[in-house]
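Visitor: Could you work out the structure for the sequence below:
(4 chains)
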Number of protein chains: 2
Amino acid sequence: MGERQRGPRERMVFSAAQLIRRDGVKATGMREVAAHAGAPRGSLQHYFPGGKEQLVGEAVAWAGRYAGKRIARFVEGLAEPLPSALFAAMVAQWTDEYDRDGFGAGCPVAAATVDCACLGDATREAVAAAFTTWRTPLAEALAGMGVPADRAGSLATLMISTLEGAILLARAERDVRPLTTVVRELGPLLDAAVARPA
Amino acid sequence: MGERQRGPRERMVFSAAQLIRRDGVKATGMREVAAHAGAPRGSLQHYFPGGKEQLVGEAVAWAGRYAGKRIARFVEGLAEPLPSALFAAMVAQWTDEYDRDGFGAGCPVAAATVDCACLGDATREAVAAAFTTWRTPLAEALAGMGVPADRAGSLATLMISTLEGAILLARAERDVRPLTTVVRELGPLLDAAVARPA
DNA sequence: TCGCTACTATGACCACTGTCATAGTCGGCT
DNA sequence: AGCCGACTATGACAGTGGTCATAGTAGCGA
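Guide: Below you'll find the model as predicted:
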């Protein structure tokens, strides 16, 4: 992911997201985040006076924005503007990572959703907002491909749900097959939703 | 779920699954499991000499068997033996729970998958096995409905992936809409896979 | 140079975790 | 009765967590 050498604050948010998506929220320690970011421990309470909850919230929000921005990039890179191709590109990002780096990490937003109980409600709202900032541009991209407006939102939900679940299965089985399977099975359904011009 | 008043050992496994699916693996303490099960703390080391890893492994395995057995029940209860109806029944179990008890809990297997890093590899293998004991009867049920054998497995993966992801979204947004959406959108695709007799 | 602000650096605190060790209790078998 | 195994009941331990308190440093405007 885009690890620009920005200030230590952004590095800590980025590191938090990395560690959360690998170990979960509860298992990720504040000290560990600082060490991973190469930042001093004292900076934690300076930049994040709200404590762990604030840090996790910002990491989740960062992940949501990242996913949302990726949608536009994917659409630009498509040979044909078909929903199935967009979905394939979204999934390919994960198969590539798993082939390259192993199955150690998942989606940070999913991790925060699963164990947001160890933090307050603010974390849960951050998770909900992250999914929204992901789904909204996805639905708009589908609409731009000719999917009727009333179905674009539903298909965006379906795509994100299926992707998240397939990531889960792939991590569990340490095999990218769930990811490739859902791309193959879901593709025709997605393309069938475009209003054919001809 | 079927909380029969069996021995304290089974109660602890059941309680572990309950707490894990609500708070995650790392956030669930051994003492908390014992208290939730109404079992003495000393029984933990007696029944689970392998420690937390053993307890979590058995809880995950229990959840996998539970999900697998539910498939047969769902098939029996269907008015029409259609894949979409089976999927709707699987999802309805979650919408019912969320309508009734709130969005506090998710799938224990998913929770264990997300933060299995705090335990050894045995937990990860238990998670993979749990998904297998869930998908196998599901694929067989689809085959029994007329889905060709080579697609039954793929559709089972798709159904589980989509369900797990929709559970995730529903918990994040505290709304059952993702669940109902995927049922509506995925249903036609599932039914289209049955080899029509006529 | 002073003084102020941003940031860094450590140490301490308390709560809590998983695990172990040691007794204690109860029931049934001989 | 006597004994033994299964199970229960506590206490302690070492480790780690997040957070707070306090002090130190660097840069910069006046």
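Visitor: Just want the angle from the helix or strand in which A:Gly165 is found to helix B:149-173.
Guide: Element membership for A:Gly165 (DSSP states H and E) is helix A:149-173. Here helix A:149-173 runs at an angle of 100 degrees relative to helix B:149-173 (axes from the mean of the first three to the mean of the last three C-alpha atoms, to 10 degrees).
Visitor: low-confidence ranges in chain A?
Guide: Where chain A drops to pLDDT under 70, the residues are A:1-5, A:196-198.
Visitor: rerun at 90
Guide: Along chain A, the model assigns pLDDT under 90 to residues A:1-8, A:115-121, A:195-198.
Visitor: Just the closest residue of it to DNA strand D, please.
Guide: A:Gly51 (2.6 Å; C-beta to the nearest atom of the strand). Bear in mind the C-beta positions are built from the backbone N, C-alpha and C, glycine included.
Visitor: contacting residues for that residue?
Guide: When contacts are counted by C-beta atoms under 8 Å, 6 or more residues apart in numbering or on different chains, A:Gly51 touches A:Gln45.
Visitor: Now it: phi and psi?
Guide: phi 80, psi -160 (degrees, to the nearest 10).
Visitor: State the distance from it to DNA strand C.
Guide: A:Gly51 is 13 Å from DNA strand C, where distance means C-beta to the nearest atom of the strand, to the nearest Å.
Visitor: what does A:Pro49 give?
Guide: 11 Å.
Visitor: and that residue, what are its phi and psi?
Guide: phi -60, psi -20.
Visitor: got the contact list for it?
Guide: For A:Pro49, the contact set (C-beta under 8 Å, 6+ apart) is empty.
Visitor: Name the residues of chain A found near DNA strand C, please.
Guide: A:8, A:39-43, A:45-47 (C-beta under 7 Å from any atom of the strand).
Visitor: Please indicate which of those are buried?
Guide: A:8, A:39, A:43, A:47 (16 or more other C-beta atoms under 10 Å in any protein chain shown).
Visitor: Now compare the residues you listed and name the two farthest from each other.
Guide: Maximum pairwise distance among these (C-beta to C-beta): 8.6 Å, between A:Ala39 and A:Tyr47.
Visitor: Spit out the residues that contact these two alike.
Guide: With C-beta under 8 Å, 6+ apart as the test, A:Ala39 and A:Tyr47 both reach A:8, A:12.
Visitor: Farthest-apart pair in the residues of chain A next to DNA strand C, please.
Guide: A:Pro8 and A:Gln45 (13.2 Å).
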